[in-house]
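>>> give the three-dimensional model of this entry:
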Amino acid sequence: MRKYLLIGVSAFVLGAGSMAYVSQRAQATAAQPRSQIYKMLELFGDVLSTVQNQYVSEVDSKKLIEAAIDGMVTSLDPHSGYLSPDSFSDMREQTRGEYGGLGIEVTSEDGVVKIISPMDDTPAARAGVQAGDYITAINGQSLLGLPLNDAVKQMRGPVGEAITLTIAREGKDPFDVKLKREVINVISAKGRMEGDYGYLRVSAFNEKTAEEASAALRSLKAKNPKMKGLVLDLRNNPGGLLDQAVEISSLFLNGGEVVSQRGRDPKDVERYNARTDGDVLHGLPMVVLINSGSASAAEIVAGALQDRHRAALVGLTSFGKGSVQTVIPLHGGADGALKLTTARYFTPSGRSIQKTGIEPDLEVAQTPEQAQALADRSFQFSEASFANALNAEEGKTRRAAHAPAEAPPSGFDVKKGDFQLSRGLDVLKYGSVEATPKMPAAKARLASALSKTGAVKTDGGTAPPKAPDAADKDKQAPRK
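Numbers count the residues shown, from 1 in each chain. Purely as a prediction, here's the structure:
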């Protein structure tokens with residue numbers, strides 16, 4: 001059976017996955033005495049029997065056991081979990097880059113569905129859905145406390161059928177967004193020119209990404225033989241297939257390491273290298289755009305190009321998802337699969353991405369509001385925000401709340417312009433981050449006091465100290 005390595009903010013079908021897909025059966029090692037394990041299994045049987053016999057209404061024992069398995073695995077970290085046979089089938093469809101849905105990648109945080117990012121050119125993106133939004137209800141029915149898989153299933157349905165999402169966004173009253181389901185045919189790589197420089201947008205890493213990116217670059221070069229450099233845009237890219245991340249990196253590197261994978265055993269190290277003589281740009285300067293929505297496979301590409309001194313990074317610190325999940329089919333997939341974290345990823349210089357993310361060479365906020373959010377607290381949504389996330393590399397922490405180096409000046413139209421892209425083009429124009437004239441420091445003030453209600457006081461007014469509470473969140477990650 002083919003082996004897939006996927007890396008992303010773990011997802012069902014609203015986006016890309018974050019895992020490795022293998023046919024081998026996992027081999028467990030007993031870390032506790034067998035007698036204790038048998039005792040706990042007996043306890044589980046007693047609890048199941050009690051629920052079956054005494055719960056207020058009849059229960060589906062199969063669903064109970066599946067929920068117990070999922071609860072056991074999800075307690076390990078945010079990206080491990082149990083995939084039912086249907087979810088396992090959906091996951092495989094996602095990696096092929098074509099499916100039905102709304103075009104959003106979601107996670108579950110404190111009991112509520114949270115949007116990681118909308119996908120380019122999908123119903124969700126066209127409706128203005130944003131990363132960090134919470135979906136609190138579907139067609140008027142609350143999602144509070146509903147398992148993430150069940151919420152995802154509600155968002156799927158017949159193509160062309162309308163669905164209404166109730167959205168909670170910080171600083172605004174809840175509002176409804178009406179969408180129509182479409183066949184999501186993900187075109188994950190598109191190119192265009194920005195003046196004398198090429199622009200390549202890579203929005204996900206599915207089976208078609210490297211092929212689409214290569215074709216886009218060939219077209220750009222053929223039509224613009226005097227192209228002076230390239231901007232690679234990985235913002236809000238939630239990840240996907242590892243082999244595609246390596247292939248994308250190979251388009252700009254001549255051999256050498258892209259990423260290494262290290263498991264529980266210190267000797268268990270697997271390295272992935274770029275193709276020799278693979279740089280299709282033949283050394284043309286590059287800039288990579290990243291932000292807090294750039295996760296996993298996107299972070300691997302950004303980290304490799306940064307470590308290998310092939311590109312300068314512009315934007316904001318990435319998500320910080322530096323673990324690999326192995327999808328292990330159970331009984332050939334007939335009983336679903338386990339999505340289990342089995343290793344961490346490291347950049348060529350040996351940096352772990354986990355929790356800390358990849359920091360840009362030039363930190364640029366996209367809007368003044370984003371700059372203030374960074375100053376109020378560490379960027380609201382990252383791997384480090386999960387309570388049970390894997391630990392970062394020893395001694396390493398994600399950068400705390402701070403005012404970013406740059407933000408759009410007062411005369412910049414943030415609705416029409418792309419400030420991060422414009423600064424990336426400046427870096428290409430001047431040859432390096434160091435040579436690029438610096439903008440005035442971002443106008444953002446660190447939160448220094450709490451009101452009696454616990455809200456953070458900032459230059460932007462009063463904002464909640466955290467995103468919506470238990471009525472608006474949960475813990476994992478899928479797509480629609």
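
>>> surely residue 318 meets residue 357?
Yes - taking Cβ atoms under 8 Å as the definition, residue 318 is a contact partner of residue 357 at 4.2 Å. Every residue, glycine included, has its C-beta placed from N, CA and C.

>>> residues contacting residue 256?
Residues in contact with residue 256, defined by Cβ atoms under 8 Å, 6 or more residues apart in numbering, are 273-274, 308, 348.

>>> mind running it again at 7 Å?
For residue 256, the set of contacting residues under the criterion of Cβ atoms under 7 Å, 6 or more residues apart in numbering consists of 273-274, 308.

>>> neighbours around the nearest residue to residue 249 once chain neighbours are set aside, how many?
Using Cβ to Cβ, 6 or more residues apart in numbering and skipping the chain neighbours, the partner closest in space to residue 249 is residue 258 (4.5 Å). As a burial measure, the neighbour count of residue 258 was computed by other Cβ atoms under 10 Å and equals 27.

>>> again, but for residue 401
The tally of other residues near residue 401 (other Cβ under 10 Å) stands at 15.

>>> host element of it?
Assessed by DSSP states H and E, residue 401 sits outside every helix and strand.

>>> so which bits of the top helix by length along the chain are buried?
The longest helix of the chain (DSSP state H) is helix 34-54. Across helix 34-54, burial judged by 16 or more other Cβ atoms under 10 Å covers no residue at all.

>>> so where do the strands sit in the stretch 101-250 of the chain?
Using DSSP state E, counting those that start in this stretch, the strands of the stretch 101-250 of the chain run over residues 104-109, 112-118, 134-138, 141-142, 162-168, 175-180, 182-185, 189-194, 197-202, 230-233, 239-241.

>>> most tightly packed of the ones you listed?
Ranked by mean neighbour count, those are led by strand 239-241 with a mean of 32 (mean count of other Cβ atoms under 10 Å).

>>> which elements pack onto it?
Using 3 or more Cβ pairs under 7 Å, 6 or more residues apart in numbering; DSSP states H and E as the contact test, the elements touching strand 239-241 are strand 4-8, helix 297-307.

>>> now residue 309: phi and psi?
The phi and psi torsions at residue 309 (degrees, to the nearest 10) take the values phi 60, psi 40.

>>> number of residues surrounding residue 341?
There are 22 residues near residue 341, going by other Cβ under 10 Å.

>>> so it sits against residue 322, correct?
No - at 10.6 Å, residue 341 and residue 322 do not qualify as touching, with contact defined as Cβ atoms under 7 Å.

>>> so where is the stretch 301-450 of the chain shaky, pLDDT-wise?
In the predicted model, the stretch 301-450 of the chain carries pLDDT under 70 at residues 377-380, 446-450.

>>> tell me where it has helices.
For the stretch 301-450 of the chain, the helices identified by DSSP state H, counting those that start in this stretch occupy 368-376, 419-430, in order along the chain.

>>> among these, which is nearest residue 128?
Proximity of these to residue 128 was assessed by Cβ to Cβ; the nearest stretch is helix 368-376, lying at 15.3 Å.

>>> same for the closest one, what does it pack against?
In terms of contact count using 3+ Cβ pairs under 7 Å, 6+ apart, helix 368-376 is assigned the packing partners strand 456-458.

>>> by how many degrees do the biggest strand by length in the chain and helix 297-307 diverge?
Of all the segments assigned as strand in the chain under DSSP state E, the longest by residue count is strand 337-346. Angle between the axes of strand 337-346 and helix 297-307 is 10 degrees (criterion: axes from the mean of the first three to the mean of the last three Cα atoms, to 10 degrees).

>>> and the contacts of strand 337-346?
Taking contacts as Cβ under 7 Å, 6+ apart, the residues outside strand 337-346 that touch it are 7, 10, 19-20, 26, 73, 76-77, 79-83, 88, 259-263, 300, 322-330, 352-354, 390.

>>> can you check stretch 195-210 too?
With Cβ under 7 Å, 6+ apart as the test, stretch 195-210 has contacts from 16, 95-97, 119-120, 186, 188-193, 213, 216-217, 220, 224, 227-234, 237-241, 244-245, 247-248, 297, 425, 428.

>>> C-alpha coordinates for that stretch, CSV please?
Provided in CSV are the C-alpha atoms of stretch 195-210 (Å, rounded to 0.1, in the frame of the first residue of the first chain):
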residue,chain,number,x,y,z
GLY,A,195,5.8,44.2,-11.9
ASP,A,196,9.2,42.7,-12.6
TYR,A,197,8.7,39.9,-10.1
GLY,A,198,6.8,36.6,-10.2
TYR,A,199,4.3,35.7,-7.6
LEU,A,200,3.4,32.1,-6.7
ARG,A,201,0.5,31.4,-4.3
VAL,A,202,0.6,27.9,-2.7
SER,A,203,-2.6,27.5,-0.7
ALA,A,204,-2.3,23.8,0.3
PHE,A,205,-0.2,20.7,-0.2
ASN,A,206,-2.2,18.0,-1.9
GLU,A,207,-1.3,15.4,-4.5
LYS,A,208,-1.4,18.0,-7.3
THR,A,209,0.5,20.9,-5.6
ALA,A,210,4.0,20.3,-7.0
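
>>> hmm, back to that, okay, the helices of the stretch 301-450 of the chain in CSV with mean neighbour count and distance to residue 49 next?
CSV is the format used below for these (neighbours: other Cβ atoms under 10 Å; distance: least, Cβ to Cβ, whole Å):
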stretch, mean neighbour count, distance to residue 49
helix 368-376, 22, 50
helix 419-430, 21, 58
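
>>> thinking again about what came up before, out of the strands of the stretch 101-250 of the chain, nearest to residue 154?
Comparison of those against residue 154 by Cβ to Cβ identifies strand 134-138 as nearest, at 4.8 Å.

>>> parallel or antiparallel, which strands does the closest one pair with?
strand 112-118 (antiparallel), strand 141-142 (antiparallel), strand 162-168 (antiparallel) (DSSP bridges).

>>> closest to residue 44 out of the ones you listed?
The closest of these to residue 44 is strand 112-118. By Cβ to Cβ, the value is 28.4 Å.

>>> ok and that closest one relative to strand 104-109, angle-wise?
Put simply, strand 112-118 runs at 150 degrees to strand 104-109, going by the same axes, to 10 degrees.

>>> pLDDT of strand 112-118, averaged?
Computed over strand 112-118, the mean pLDDT rounds to 83.

>>> and it, how far from the chain's centre?
A distance of 10 Å separates the C-alpha centroid of strand 112-118 from that of its chain, computed with Cα atoms, centre = their mean, to the nearest Å.

>>> now do stretch 320-335
Offset of stretch 320-335 from its chain centre (Cα atoms, centre = their mean): 17 Å.
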